[in-house]
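Undergrad: any chance you can model this:
(2 chains)
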Amino acid sequence: MRSFTVSDFLTIVTALKWTFLLVGIALACGGPLALLLALMRSGTARLPRWLATGFLELVQGMPLLGLLMFFYFGMPVFLGINVPAIVAVGIAYTVYTAAFLGEIWRGGIQAIKHTQWEAAACLGITRWQQFRYVIAPQAFRIALPATVGFLVQLIKNTSLASVVGFVELARAGQIVNAGTFRPLLVYSIVAAIYFVICFPLTTWSRTLEARFNGAR
Amino acid sequence: MPDLNFRPIWRYQDQLVEGVLTTLLLTAVATIAGLVIGIAGAVLIRSGPKPVRWLLRIYIEIIRNTPVLVQIFIIYFVLPSFGLKMTPIQAACVALSIYFGAYAIEIIRSGLDSIPKSQIEAGMCLGITRMQVLRHVILPPALRNIYPSVTSQFVLLLLGTSIASQVSADELFHVAGFIDSRTYRSFEVYTLICLIYFGLVISFKLAFAALGRLAFRWPVRR
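TA: I've put the predicted structure just below:
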């Protein structure tokens, strides 16, 4: 057993970059997929709607830990080759983000009255332009508080990547704790770092929501 | 593509059933304890003395802005050094109750806030007791308003109990790790486990939808 030193603290803090990398991958890859799912679910075509609904229900009915394991052990089965942990973990978080953001954004899109689509159609613009210039700006305002709320969930849930040995913030805490055996100190620091990142976002989300409700 | 072989897993049926039961037990304990915290907390945060309200806010913000994984670690690894020894299951129950309680306070508070003051005053004007106002005027619409949030939070809790496996509480996800270590059929084991969770979640969702239709049949004015 050794004492807790500055270098232990630095180990924990530098692991943050992997937490942020995971969040970045999840948003960059999961975001577009979420938009697609939201459009499929709020559209009129039956088959895409069913497919999207099935996907959302399936992913939302599984624990994130399960998704992580499924892709971690599944990638070699699907592809026949071993992939680095970051790829498997990245895919799991992409799927997770797509499902939850897709549901949130569908709510935003469907909150816009159908007459808005019709009015936009009267302008003679294409269906994509109707969405892009008329529906999306309004839906964005409605869905923003929940989107920021999900971002907090995502940041907190990157801690689960530690189960497949991915060294992000929580895992770095476990490693340092194994060396120093100061659980109270180590996990308080880890929790405090998460709190410092998430609390401003939670507050922002609440402000957005209050502003939106006030405007209604 | 390697062959998939689910057969070795069937030998562990008993463990799987026990894992499911433990998962449901964890969920039930955390739900009941969390709702008790939620009701008491919501009432106190609306009308309690200022220091209590402050403490509750701090409690809610800390729980909502840190990962459950870290919360479980702190309760399981830190409390023993204060002389409070707990089995993994007990630690998981405590951690998940504290976690669910924080969300429950916010949900129940929003439900109580959703009833306009004038509606309560109108109830008072009927000359019925405060309890009757609560029972017939406040609760039915408040419950209806929070029902979707409570049920979806319940589903998140059910899935979240899997995190208890990280302090080796014997719930479903931990059973998966055990079977994996015995059979080396990792992919098959975790696919099966995911499907079991999915089955549980879908059953609960369908039951909640049916219950909601039964309990909240009166029409809404929009």
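Undergrad: what strand or helix carries the closest residue to residue A:57 other than its chain neighbours?
TA: In this structure, residue A:57 finds its nearest non-sequential neighbour in residue B:202, 7.3 Å apart by C-beta to C-beta, 6 or more residues apart in numbering or on different chains. All C-beta atoms are positioned from the backbone trio N, CA, C, and that covers glycine. Using DSSP states H and E, residue B:202 falls within helix B:186-215.
Undergrad: re the thing from before, relative to residue B:158, how far out is the residue nearest to residue A:57?
TA: Residue B:202 sits at a distance of 11 Å from residue B:158 (criterion: C-beta to C-beta, to the nearest Å).
Undergrad: same deal with residue A:188?
TA: Counting by C-beta to C-beta - residue A:188 and residue B:158 are separated by 28 Å.
Undergrad: and the two? which has more neighbours close in?
TA: Neighbour count, other C-beta atoms under 10 Å in any protein chain shown: between residue A:188 and residue B:158, residue B:158 has more, with 22 against 15.
Undergrad: for the more buried one, what are its contacts?
TA: Residues near residue B:158 by C-beta atoms under 8 Å, 6 or more residues apart in numbering or on different chains: B:23, B:27, B:197, B:200, B:201, B:204.
Undergrad: what do you get for residue A:165?
TA: A:85, A:171.
Undergrad: is any residue of stretch B:134-146 near chain A?
TA: No. Interface with chain A: stretch B:134-146 contributes nothing (C-beta under 8 Å from any C-beta of the partner chain), its closest point being 14.4 Å away.
Undergrad: next: stretch B:171-184.
TA: Yes. Stretch B:171-184 reaches chain A (C-beta under 8 Å from any C-beta) through B:173, B:176.
Undergrad: got the buried residues for whichever strand or helix holds residue A:193?
TA: For residue A:193, the enclosing helix or strand under DSSP H and E is helix A:183-215. Counting neighbours by 16 or more other C-beta atoms under 10 Å in any protein chain shown, one finds that the buried residues in helix A:183-215 are A:183, A:185-187, A:189-191, A:193-195, A:197-199, A:202, A:204-205, A:208.
Undergrad: filter the residues you listed down to the ones close to chain B.
TA: Counting by C-beta under 8 Å from any C-beta, the members of the buried residues of helix A:183-215 that reach chain B are A:183, A:187, A:190, A:191, A:194, A:195, A:198, A:199, A:202.
Undergrad: next up, the contacts around the spatially closest residue to residue B:70 that is not a sequence neighbour.
TA: Of all residues not flanking residue B:70 in the chain, residue A:191 sits nearest, at 4.9 Å (C-beta to C-beta, 6+ apart). Residue A:191 makes contacts with B:62, B:66, B:67, B:70, B:71, B:74, as judged by C-beta under 8 Å, 6+ apart.
Undergrad: double-check the last one against residue A:188; I have them as touching.
TA: Yes. Contact criterion C-beta atoms under 8 Å: residue B:74 and residue A:188 qualify, at 7.4 Å.
Undergrad: what's the spacing between residue A:207 and residue A:201?
TA: Between residue A:207 and residue A:201 the computed distance is 11 Å (C-beta to C-beta).
Undergrad: again, but for residue A:126
TA: From residue A:126 across to residue A:201, the span is 35 Å (C-beta to C-beta).
Undergrad: if you count neighbours, what's buried in the lowest-mean-pLDDT helix or strand in chain B?
TA: The helix or strand of chain B with the lowest confidence, counting by mean pLDDT, DSSP states H and E, is helix B:7-10 at a mean of 83. By neighbour count on 16+ other C-beta under 10 Å, the buried set for helix B:7-10 is residue B:9.
Undergrad: and chain A, is it touching that?
TA: No. Using C-beta under 8 Å from any C-beta, helix B:7-10 stays clear of chain A, with a minimum separation of 13.5 Å.
Undergrad: the following helix or strand past that helix to helix B:186-215, inter-axis angle?
TA: Counting by DSSP H and E, the next helix or strand C-terminal to helix B:7-10 is helix B:13-47. Inter-element angle recorded for helix B:13-47 and helix B:186-215: 50 degrees (by axes from the mean of the first three to the mean of the last three C-alpha atoms, to 10 degrees).
Undergrad: how far out from the middle of the chain is stretch B:76-93?
TA: Relative to the mean C-alpha coordinate of its chain, stretch B:76-93 is positioned 20 Å out (C-alpha atoms, centre = their mean, to the nearest Å).
Undergrad: near chain A, which residues of chain B show up?
TA: So far as C-beta under 8 Å from any C-beta goes, chain B lies against chain A at B:1-2, B:4, B:61-62, B:64-71, B:73-74, B:77-78, B:81, B:155, B:159-160, B:162-163, B:165-166, B:173, B:176, B:186-187, B:190-191, B:193-194, B:197-198, B:201-202, B:205.
Undergrad: just the buried residues of the residues you listed.
TA: Applying 16+ other C-beta under 10 Å to the residues of chain B next to chain A flags B:61-62, B:64-71, B:73-74, B:77-78, B:155, B:159-160, B:162-163, B:165-166, B:173, B:176, B:186-187, B:190-191, B:193-194, B:197-198, B:201, B:205 as buried.
Undergrad: where does pLDDT dip in chain A?
TA: Applying pLDDT under 70 to chain A flags residues A:1, A:214-216.
Undergrad: show the contacting residues for residue 177.
TA: Assuming you mean chain A. By C-beta under 8 Å, 6+ apart, residue A:177 lies in contact with A:183, A:186, A:187, B:77.
Undergrad: ah, I was thinking of chain B
TA: residue B:165.
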